[in-house]
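In: my questions are about this predicted structure, shown below with the sequence.
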Amino acid sequence: MATISEYKSAVLKLGSLYISGAKLKTTEIAVRFMSAIVLGAIALIIVAIAVFFVSVGAAFQLAQFMDPIYAFVIVGAMYLLLLVTIWAFRRSLVVDPLSRILSRIILSNPINLKDDETDSPE
């Protein structure tokens, strides 16, 4: 028959295992979230540079047919129109996809390491 001290040590060990598991899960979520942020920032920088060069090229092409100032104003107006469109549809373009991505990261199932199960497609 087990004594109270044995039960106490078993409960304390179980508690420390749960705490360690929570720390590992939190670390995994934080790493995945931060790596997604870093990759998104890198992609944003690269896309911004590409869009800048395409915009300048488009403005110079328009400048062949009109005053260069108006060409750059037209390109800028196109970006303002794009901004207004994105703002109008921000829920379906930004909020919902971001919510899905974050919920997948946070609520993902842990990797199953049991030997008796095979990899099956989900």
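Out: Arrived safely.
In: show residues contacting the helix or strand containing Ala71.
Out: For Ala71, the element it lies in under DSSP states H and E is helix 68-88. With Cβ atoms under 8 Å, 6 or more residues apart in numbering as the test, helix 68-88 has contacts from 55, 58-63, 65, 93-94. The way it works is simple: take the backbone N, C-alpha and C, and place the C-beta from them, glycine included.
In: try it again with 7 Å
Out: For helix 68-88, contacts defined as Cβ atoms under 7 Å, 6 or more residues apart in numbering pick out 55, 58-59, 62-63, 93.
In: identify all contacting residues around the worst-scoring helix or strand of the chain on mean pLDDT.
Out: Taking mean pLDDT, DSSP states H and E as the measure, the helix or strand of the chain with the lowest value is helix 96-106, at a mean of 80. Helix 96-106 has contacts (Cβ under 7 Å, 6+ apart) with 29, 32-33.
In: and it, how far out from the chain's middle?
Out: The chain centre lies 8 Å from the centre of helix 96-106; the measure is Cα atoms, centre = their mean, to the nearest Å.
In: switch to numbering from 17
Out: All right, first residue 17 from here; so that's helix 112-122.
In: so what's the residue nearest the centre of the chain up against?
Out: The centroid of the chain falls nearest to Ala52 when counting by Cα atoms, centre = their mean (4.4 Å). Contacts for Ala52 (Cβ under 7 Å, 6+ apart) come out as none.
In: from Ile45, how far out is it?
Out: Distance, Ala52 to Ile45, by Cβ to Cβ, to the nearest Å: 11 Å.
In: count of residues packed around Ile121?
Out: Neighbourhood size, Ile121 [other Cβ atoms under 10 Å]: 15.
In: ok, it to Phe49 distance?
Out: For Ile121, the distance to Phe49 equals 6 Å [Cβ to Cβ].
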